[in-house]
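Visitor: sharing a model prediction with you, sequence too.
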Amino acid sequence: MSPSHSGKGKESGTARVLGSGASGVAELLVFHPVDTVAKRLMSNKAKASTLGFNSIIFRDYATASVGRKFISLFPGLGYAAGYKVAQRIYKFGGQPWFNDVITRHYKEHFTSTFGERKGKMMMQAMAGSLTGIGEVVLLPLDALKIKRQVNPEAFRGRGVVRIFMEEGTTLYRGWGWTMARNAPGSFALFGASAATKEYVLGVSDYSKATWTQNFIASIAGAVASITVAAPLDTVKTRIQNANFEQKVPGLTVIKDLMRNEGPTAFFKGLTPKILVVGPKLVFSYTLAQSLIPLFGKYV
């Protein structure tokens, strides 16, 4: 899932940052509207039969022209840009770093417990899980992005600097649920991807996988990750999209959701996410893999 380490040192590290960052920008511009749709579906508490999907997704622009409707799916793009680029750089570079650390210090333990083949996959998955947990540091940008997408009234004309100064730790609301979501989600992402390469495609050296093999493994990993993380992702989103001064405990969100909407509500927004998994991961992964060696020629 992460760019292969074709080189070592400052230049290759710089190339990875530039390549993965550029792929994050491109991915954002293409897929941000779909993310907005998913977030609004997850945040909708009314039954779809009583409130049309058109009103749920486009809100005040439900009766506007097609072009205006599309533009309305880009709220919070600035916050999303900061979050997505930082997240992609961290994700592409963080997971291989964690995997190197685990391999260096704990390879024998994993090998003796799971065997050579499964141990290698488990180290990949564990490195992904640790990377996902660490993403909590980017939570403020994620929270601002979600609020712009589903609850723009919470900003009340304030700029990002003022919000950071006034809200402080409030922007980390839902950090525990974010870590709880990311740990199994990232574990499934990298673990399922590695398992697909190992058992389905017969690839033992993951860095030498072909474009088609990466395509297949990416879809398997991402579908597994999104499905596993969906319930906690819904809880996290509802905690984050509330007004800044409104503190809603995660257990309260779960209780209200179960009572008013039923257990299937935990998977609201899952379908549009699944539908975009294939092209989104292929797009960002392939672009990163192409740009990193390109930048490596100059930096």
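Guide: Perfect, I can see it now.
Visitor: neighbours around Ser112, how many?
Guide: Number of residues near Ser112 (other C-beta atoms under 10 Å) recorded here: 10. Backbone N, C-alpha and C define where each C-beta goes, glycine included.
Visitor: what about the residue nearest to it when sequence neighbours are not counted, neighbour count?
Guide: In space, and not counting its chain neighbours, Ser112 is closest to Gly119: 7.9 Å by C-beta to C-beta, 6 or more residues apart in numbering. When neighbours are counted by other C-beta under 10 Å, Gly119 registers 19.
Visitor: next, the buried residues of the helix or strand Gly119 falls within.
Guide: If you go by DSSP states H and E, Gly119 is part of helix 116-134. Neighbour-count burial for helix 116-134, counted by 16 or more other C-beta atoms under 10 Å, picks out 118-134.
Visitor: for this structure, what helix or strand is lowest in average pLDDT?
Guide: Every helix and strand of the chain was ranked by mean pLDDT, DSSP states H and E. The lowest is helix 160-167, at a mean of 68.
Visitor: check which element follows that helix along the chain.
Guide: Counting by DSSP H and E, what follows helix 160-167 is helix 175-195.
Visitor: by contact count, what packs against that next one?
Guide: helix 116-134, helix 139-150, helix 211-240 (3 or more C-beta pairs under 8 Å, 6 or more residues apart in numbering; DSSP states H and E).
Visitor: give me the contact list for it.
Guide: Contacts of helix 175-195 from elsewhere in the structure, counted by C-beta atoms under 8 Å, 6 or more residues apart in numbering, are 1, 95, 120-122, 124-129, 131-133, 135-136, 139, 142, 206, 217-218, 220-229, 232-233, 235-236, 239, 250.
Visitor: quick one: buried residues of that helix?
Guide: For helix 175-195, burial by neighbour count (16+ other C-beta under 10 Å) applies to 175, 177-195.
Visitor: try stretch 16-30
Guide: 16-24, 26-28.
Visitor: that one - what's its average pLDDT?
Guide: Per-residue pLDDT over stretch 16-30 has a mean of 83.
Visitor: indicate which one of the helices and strands packed on helix 175-195 is closest to Thr271.
Guide: helix 211-240 (10.4 Å; C-beta to C-beta).
Visitor: what angle separates that closest one from helix 175-195?
Guide: Helix 211-240 runs at 170 degrees relative to helix 175-195, counting by axes from the mean of the first three to the mean of the last three C-alpha atoms, to 10 degrees.
Visitor: helix 211-240 - what's its average pLDDT?
Guide: Rounded mean pLDDT across helix 211-240 is 83.
Visitor: what's it packed up against?
Guide: helix 10-43, helix 139-150, helix 175-195, helix 250-260, helix 270-296.
Visitor: determine how far the last one lies from the middle of the whole chain.
Guide: Same thing as helix 270-296. 12 Å (C-alpha atoms, centre = their mean, to the nearest Å).
Visitor: that one packs against which elements?
Guide: helix 10-43, helix 77-114, helix 211-240.
Visitor: now the angle from that helix to helix 10-43?
Guide: 170 degrees.
Visitor: so how far is Ser193 from Tyr285?
Guide: Going from Tyr285 to Ser193 by C-beta to C-beta, to the nearest Å gives 10 Å.
Visitor: scratch that, Leu287 is what I was asking about
Guide: Leu287 sits 17 Å away from Ser193, taking C-beta to C-beta as the criterion.
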